Each structure stands twice: as structure tokens, then as C-alpha cells.
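Chemist: need coordinates for the following:
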Amino acid sequence: MHVFEVILVSVLTWIEAAMNIPLYSSKGVVVTTLGGVLVALLLGAVAVMIGAVLRRWLIVPALRRTNLSNSMQYTMSHLGGYGCTALLLLIVLQNVGIDLSSFAFLAGTLFIGIGFGLQNIVSNFVSGLIILIEQPIKIGDRIDFGNLAGIVLKISARSTIIRTNDNIDVIVPNSDLVTHRVINWSYGEPEVRFRIPVGVAYGTDPDWVRECLLEVATAENHVLSQPPPEVFLESFGDNSLNFELVVWNRDMSTRPRAFRSLINYSIAKKLKERGIEIPFPQRDLHLRNETITVRMDPPSPLNESKTKI
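Modeler: Predicted structure coming up:
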């Protein structure tokens, strides 16, 4: 037994000496001991477990009593759990004697890396603040952004949700809305002017066309009487006289495509009633050869014919 006691005492003495081994920083300052690191790891694991317990039994029940959505409750509960765990870890490091100032350089480098990684997120967050403060677009506005057109449904810290006429929600980063051109149909006055091009065949009386287009605009309920509709003779095209009907509207800015289609249907009906021809491209073909061979596909002796000109 004496031998085992000696071995046990030797092992315990070696462990105690190992636990007291000092750990130095890059500047030669004692940060802590090996035993302090092991204790910090053990207490850190306990802190992580306590943070998870606090999130599950304290933060989550408290958030369920609020009116927040399920996704927001999930986010807030995890952020709260992470915050509690970080606070407990900080307390553990301070109480085991680890000099946190020695990690200042490492922490600074880490935060610089995080800053570069979160550059887009910070940009979107600042852009969201600009949108909320300046209000170039607001919830409920009808906007055109690139190939996207729809109603602004929600403006959050990172992104803006736009609902199209197809009932599809599109998430757009806030920085894109700040740095790119956006057409806001609802900004300022509600009256919007629509320009509708119309082409008619050469030989048609321009005054007659103008009268027809004004009749269409006057008969349409969605067209405002003030400012009054106008008709312009825009140009003399290759195959048609090009007119433009200009009308004002107040309540169809959220459905501009449907409004233009409604006016075009009425114009096509009115022109047909008046016998006004809507032209199509025409080309004159001049042939210099005396013989033309017309072949059917697939070619065969029965499908081959010749025409003399």
C-alpha cells in the first residue's frame, strides 16, 4: 500500500504542477495557467448549457405572450440565448483570472474580418433607415424596379418585400432600392398620365382619327376629364400615320397594364366601326429573273412547278 500511496501522491503532485504551468501572451505577460484554461473550458460548457436552458424555459415562454410572428419569436429567442451565453462566458473568463486585454489584438482582427463580411448587411441596414426616414417609397406604393412591378408590402431593416400582380412576393435588398432608379407611381399626386400609341393607314383623314380617339377617351370612366385627353400626330412612319392618345387617370396606377389594355380594346372597336384600317408592314418585291422555281418541302417531282414572269 505504501508504494501505491507514493505513486498516487506523485501523480497528484505532477497534476498540481501541470495545472500551475503559466501561459504567456505574445508580450511575455502571464495570462493564466493551464489549470485556469481547463476550468474556463469546463465553466464555458456549463455557461452554454445554462444559455440554452434560459432560452428554452425563460425567453421562449415570454415571447409567446407577445404578438410577434413565429419567425420573429424564433429569431429573438435565439438572439437572446446567444446573448446570455456570451455574457456568461465573459463572466467565466474574468473570474478564472484570464487577462482579456491580451486578446485585444486578436479581437480587433476578428471584428475587422466580421466588418468586411457584414459589409452588405450594414449597407442594407443603413439603406433601410434612409428609406424609412426620407420615405421615397412607402408601404402600399406601386413601384417599377427594373423588370419588377408591384406593391410595396413591407419595409424591414435589411430588405423590402414587393408583391407583384401575380401575387408573388419578391424580396429586394434595401441598398438596391437606394442606389438604382425606382419608378414610384404613388409618389406625390395620385394623377398619372398614360400615353397610348396608335397607328393608322396612309390616306386616312387625321381629323377623323383624332375625333375617334377622343370619343374613346371620353367614354371611358377611368379617364379624367381634367386635365382633358389629347391626341398628337407623332410622326409619319414607314407604313402608318403614328398618333398618340394622352389620358389622365387617378385610380388605375396600380394596374397600368390592365388600363392600357382596356383603352386599346376600345380603340380597336371604334376604328373597326369607322372603317379605319390599322396597317401592317408591307414590302415591294422586285424580281429580275425571268423564271422562278418554287419548291415544296420535301421536294418531289409532283411538288415542283415553274412560273414564268
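
Chemist: tell me how the chain divides into domains.
Modeler: 2-116, 122-184, 189-309 (automatic domain parsing).

Chemist: tell me where this protein has strands.
Modeler: 22-24, 30-33, 142-145, 148-155, 159-164, 169-173, 183-184, 192-200, 230-236, 241-249, 291-294, 305-308 (DSSP state E).

Chemist: can you list the ones you listed in a markdown table and add mean neighbour count and distance to residue 43?
Modeler: For glycine as for every other residue, the C-beta is placed from the backbone atoms N, C-alpha and C. As requested, the strands of the chain are exported to a markdown table (neighbours: other CB atoms under 10 Å; distance: least, CB to CB, whole Å):
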| stretch | mean neighbour count | distance to residue 43 |
| --- | --- | --- |
| strand 22-24 | 12 | 17 |
| strand 30-33 | 17 | 13 |
| strand 142-145 | 19 | 52 |
| strand 148-155 | 17 | 43 |
| strand 159-164 | 18 | 39 |
| strand 169-173 | 15 | 41 |
| strand 183-184 | 14 | 56 |
| strand 192-200 | 17 | 66 |
| strand 230-236 | 14 | 80 |
| strand 241-249 | 20 | 69 |
| strand 291-294 | 10 | 94 |
| strand 305-308 | 8 | 98 |
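
Chemist: now these as JSON lines including distance to residue 78 and mean pLDDT?
Modeler: Output for the strands of the chain, formatted as JSON lines (distance: least, CB to CB, whole Å; pLDDT from 0 to 100):
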{"stretch": "strand 22-24", "distance to residue 78": "33", "mean pLDDT": "49"}
{"stretch": "strand 30-33", "distance to residue 78": "31", "mean pLDDT": "51"}
{"stretch": "strand 142-145", "distance to residue 78": "32", "mean pLDDT": "87"}
{"stretch": "strand 148-155", "distance to residue 78": "21", "mean pLDDT": "87"}
{"stretch": "strand 159-164", "distance to residue 78": "19", "mean pLDDT": "90"}
{"stretch": "strand 169-173", "distance to residue 78": "21", "mean pLDDT": "92"}
{"stretch": "strand 183-184", "distance to residue 78": "36", "mean pLDDT": "88"}
{"stretch": "strand 192-200", "distance to residue 78": "45", "mean pLDDT": "88"}
{"stretch": "strand 230-236", "distance to residue 78": "60", "mean pLDDT": "89"}
{"stretch": "strand 241-249", "distance to residue 78": "48", "mean pLDDT": "89"}
{"stretch": "strand 291-294", "distance to residue 78": "75", "mean pLDDT": "61"}
{"stretch": "strand 305-308", "distance to residue 78": "80", "mean pLDDT": "44"}
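
Chemist: reformat those strands into CSV and put distance to residue 66 next to each item.
Modeler: As requested, the strands of the chain are exported to CSV (distance: least, CB to CB, whole Å):
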stretch, distance to residue 66
strand 22-24, 46
strand 30-33, 42
strand 142-145, 32
strand 148-155, 18
strand 159-164, 22
strand 169-173, 24
strand 183-184, 33
strand 192-200, 41
strand 230-236, 56
strand 241-249, 43
strand 291-294, 80
strand 305-308, 84
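
Chemist: perfect, I'm done here.
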